[in-house]
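> model this:
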Amino acid sequence: MALLSVLPVISQNQITGKITGQEQEKLVGATARLLESGLATASDANGAFLLKPVDQGFYTLEVRYIGYLTQTKRIKVNKDLDIQIQLQQSPLVSEAVIVKGTRANEKDPIVFTELTKD
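Have a look, this model is predicted:
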């Protein structure tokens, strides 16, 4: 007598893609993350990324890169997907940075070297 078990088959897929900037430049090290699952990766030297295994369903794909606006995209995964992402540059606005320094004189108990123009 053979015992058969029926297991539900859950299809696991993968999401591949390429992340570029406005001028089609490859964005190396950009992060691609599925918010619902926490699955994340970074783009390679060609701007390419791979997320796997991904169960079927609806996800929010978030793509980030320093100096660029974060992009989110709602996707439906029911097969392997290939997604092209183009990020827009973000203006970096910050407050002024003030750098102050003092020069040590010969009587201070520290080691220093005086550079001359010779």
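> show me where the chain has helices.
Assigned by DSSP state H, the helices in the chain number zero.
> roughly how far does the residue nearest in space to the middle of it sit from Ile98?
Taking Cα atoms, centre = their mean, the centroid of the chain lies closest to Thr31, which sits 1.7 Å from it. According to Cβ to Cβ, to the nearest Å, Thr31 and Ile98 sit 32 Å apart. Any C-beta I mention is one placed from the backbone N, CA and C, and that applies to glycine too.
> swap in Asn78?
Counting by Cβ to Cβ, the gap from Asn78 to Ile98 is 55 Å.
> not counting residues beside it along the chain, what's closest to the residue nearest to the centre of the chain?
Residue nearest to Thr31 in three dimensions, not counting chain neighbours: Arg64, with 5.0 Å by Cβ to Cβ, 6 or more residues apart in numbering.
> what does Ile83 give?
Ile83 sits nearest to Gly17 (Cβ to Cβ, 6+ apart), 3.9 Å away.
> is the one you found bridged to anything, and to what?
As for beta bridges, Gly17 partners with Phe49, Ile83 under DSSP bridges.
> number of nearby residues for it?
Counted with other Cβ atoms under 10 Å, residues neighbouring Gly17 total 18.
> what's the pLDDT at it?
pLDDT, Gly17: 97.
> same thing with Lys100?
pLDDT for Lys100: 75.
> next: Phe112.
For Phe112, the predicted pLDDT is 60.
> Glu23 now?
Here the pLDDT value assigned to Glu23 is 94.
> so Ala48 versus Asp80, what's the distance?
Ala48 is 14 Å from Asp80, by Cβ to Cβ.
> picking that back up, quick one, which of Asn78 and Ile98 is more surrounded?
Per other Cβ under 10 Å, whichever of Asn78 and Ile98 has more neighbours is Asn78, with 10 against 5.
> who's in contact with the closest residue to that one other than its chain neighbours?
For Asn78, ignoring the flanking residues on the chain, the nearest one in space by Cβ to Cβ, 6+ apart is Gln56 at 5.2 Å. Gln56 sits next to 10-11, 13, 77-78 when contact means Cβ atoms under 8 Å, 6 or more residues apart in numbering.
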